[in-house]
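In: Fold the stuff below for me.
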Amino acid sequence: MKSLIKRSFLNADFLLETDVARKLYHGYAAKMPILDYHCHLVPREIAEDIHFRNMTELWLGADHYKWRIMRSNGVEEKYITGDAPDEEKFHAFAAALPKCIGNPMYHWCHLELQQYFGIRETLSEWNWKEIYERCNELLEKPEMSAKGLIRKSGVTLVCTTDDPIDDLHYHESIAKDESFNVQVLPAWRPDLALSPEKDGYVTYIKRLSGVSGVEITDFATLKQALRSRLDYFGERGCLVSDHGLDFAEFRPVSDGEMDALVEKGLTGQMLTVEQRRQYVTGMMLFLGAEYKKRNWVMQLHYGAKRENNELVFKSAGANAGIDCINPRGFAAEVADFLNALNREGNLPKTILYSLNPTDNALIGTMIGCFQGDGVRGKIQQGAAWWFNDHKYGMEEHMKSLASLGILGNFIGMLTDSRSFISYPRHEYFRRIMCNFIGNLVENGEYPEDYNLLGEIVQDISYNNAVRYFGFQL
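Out: Below is the predicted model:
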């Protein structure tokens, strides 16, 4: 039964409301390792096994979640992405954090302080300096390097996010380090190749020509160049692609029309909105077929409206915490895209993410249309993404997926983070997942059979992802 006892903050049974939930988490989920199949860690920082000069660099250096909280608390930009001293930046964040009641950031930060620094006090305006100095002292220890933090997190494999023109030499360097037993594999992210509307497109295509050895003049040679780089990534262990797509319109296009669009883009001419949709459709149909040939997983992220604050974008650049949910989000036309690939036998394993939480049922019903091909859960609804990876977002995601599909085949959590200490998010997810399943059992909606329940919990935590991506661990 649900406990009515008031509990201390972040105790051993945090978020676990029932006896079944507690048994599932402590007995099954907590012991599982972590597979981080999508993140934004920098391969160079792992290869060089960097040490962070202080807690500000580690915690605030690239975390736009924290930046948004600081701005919401009236903190000036110089203390966020500007040139204020690191100690003052940390102080500004510490002053804002206690106000974040109900925000997952409050939980994540304190889980990180506990797991990596052994600090159980709650961070505030009153003790920030003491905690800052204690963390900085611990960061000087050899084991608190980039690789050390990954080891400490119980991670077996990391997929970074990499451009087709990257030479991947940092991944090669990491693989040669026999003292580091965590695989760090590239993930193919060709966003710039799909963006002829951007100013840097022409320069980018010239660089793609250079690294592939293919002179790109039309769609055929563009495909040839990309195939060369797909092969290059595959030879270095890549099994995952990823796409950040601003829109979901499907516009079938012929090769001849694609030739004209590529040529227009290469001359620096601006494509119309409709032409851009055609270009992206043509490229995605080509790439999807290539992923299928290679048995790669295709990840599609939809529904972000990016860089909304022009002033912050000019001063801090991309990924500065100025994005929001696009109400257009996910569209039914994605079904037409999946069908076009499937019709020709070209549909790869695919993970669909939408930033708009109202799309849960749409995706849940869509993935059921394209399952099969001898693959358990071939088409996945990705984990609650970005603005949805809080308690209520995860619960709603799991409720919808369980109601419309097979929750037991879900491939679970990812960090989608630039931070080396964001891995407690997996613990957060697992606690919420165990609580959700525990409530079903306590309510008589599923038998209290721990052979079945334990397998489901461990599969969602780790095993499903290993099988789905085909990683050799």
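In: tell me which residues in stretch 452-466 are buried?
Out: Within stretch 452-466, the residues scored as buried using 16 or more other Cβ atoms under 10 Å are 453, 456-466. All C-beta spots, glycine's among them, are computed from the backbone N, C-alpha and C.
In: and what of stretch 364-381?
Out: Of the residues in stretch 364-381, those buried (16+ other Cβ under 10 Å) are 364, 366-367, 370, 377-381.
In: Next: stretch 51-70.
Out: 52, 54-70.
In: try stretch 112-126
Out: Buried residues in stretch 112-126, counted by 16+ other Cβ under 10 Å: 112-113, 115-117, 119, 122-123.
In: In strands only, show me the buried residues of stretch 364-381.
Out: Mapping these onto strands (DSSP state E) picks out 379-381.
In: Could you export those as a markdown table, including pLDDT and distance to residue 438?
Out: What follows is those, written out as a markdown table (pLDDT from 0 to 100; distance: Cβ to Cβ, whole Å):
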| residue | pLDDT | distance to residue 438 |
| --- | --- | --- |
| 379 | 98 | 28 |
| 380 | 98 | 23 |
| 381 | 98 | 22 |
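In: coming back round to it: turn the buried residues of stretch 364-381 into TSV, including distance to residue 401.
Out: Formatted as TSV, the buried residues of stretch 364-381 follow (distance: Cβ to Cβ, whole Å):
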residue	distance to residue 401
364	6
366	12
367	9
370	15
377	10
378	15
379	12
380	9
381	6
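In: And the furthest pair within those residues?
Out: Pairwise distances across those peak at 14.7 Å for 364 and 378 (criterion: Cβ to Cβ).
In: mind putting the buried residues of stretch 112-126 in TSV, pLDDT and distance to residue 189 included?
Out: Shown next, in TSV, are the buried residues of stretch 112-126 (pLDDT from 0 to 100; distance: Cβ to Cβ, whole Å):
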residue	pLDDT	distance to residue 189
112	98	26
113	98	31
115	97	29
116	98	28
117	98	32
119	97	35
122	97	37
123	98	34
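In: since we're on residue 308, how many residues are nearby?
Out: 10 (other Cβ atoms under 10 Å).
In: My error: substitute residue 152 in the last question.
Out: 15.
In: quick one, phi psi at the residue nearest to it when sequence neighbours are not counted?
Out: Distance criterion Cβ to Cβ, 6 or more residues apart in numbering; nearest residue to residue 152, sequence neighbours excluded, is residue 116 at 6.7 Å. Phi and psi for residue 116, reported as degrees, to the nearest 10, are phi -100, psi -20.
In: Which parts of the stretch 251-400 of the chain are strands?
Out: For the stretch 251-400 of the chain, the strands defined by DSSP state E, counting those that start in this stretch occupy 297-302, 304-305, 324-325, 349-354, 379-381.
In: what packs against the third one?
Out: Going back to what we said before, that points to strand 324-325. Where contact means 3 or more Cβ pairs under 8 Å, 6 or more residues apart in numbering; DSSP states H and E, strand 324-325 is packed against strand 304-305.
In: got a list of contacts for the strand it packs on?
Out: Identification of contacts with strand 304-305 by Cβ atoms under 8 Å, 6 or more residues apart in numbering yields 244, 246, 323-326, 355, 386.
In: Same question for stretch 433-445.
Out: Contacts of stretch 433-445 (Cβ under 8 Å, 6+ apart): 1-2, 15-25, 28-29, 394-395, 398-399, 402, 412, 446-448, 453, 456-457, 460-461.
In: switch the cut-off to 6 Å
Out: Stretch 433-445 is contacted by residues 15-18, 20-21, 24-25, 29, 398, 446, 448 when judged by Cβ atoms under 6 Å, 6 or more residues apart in numbering.
In: Emit the ChimeraX select command for whichever of those residues are buried.
Out: Buried residues within the contacts of stretch 433-445, by 16+ other Cβ under 10 Å, are selected in ChimeraX with:
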select :15,16,17,18,20,21,24,25,29,398,446
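In: For residue 151, state which of the contacts of stretch 433-445 is nearest.
Out: Lowest distance from residue 151 to those (Cβ to Cβ) belongs to residue 29, with 20.2 Å.
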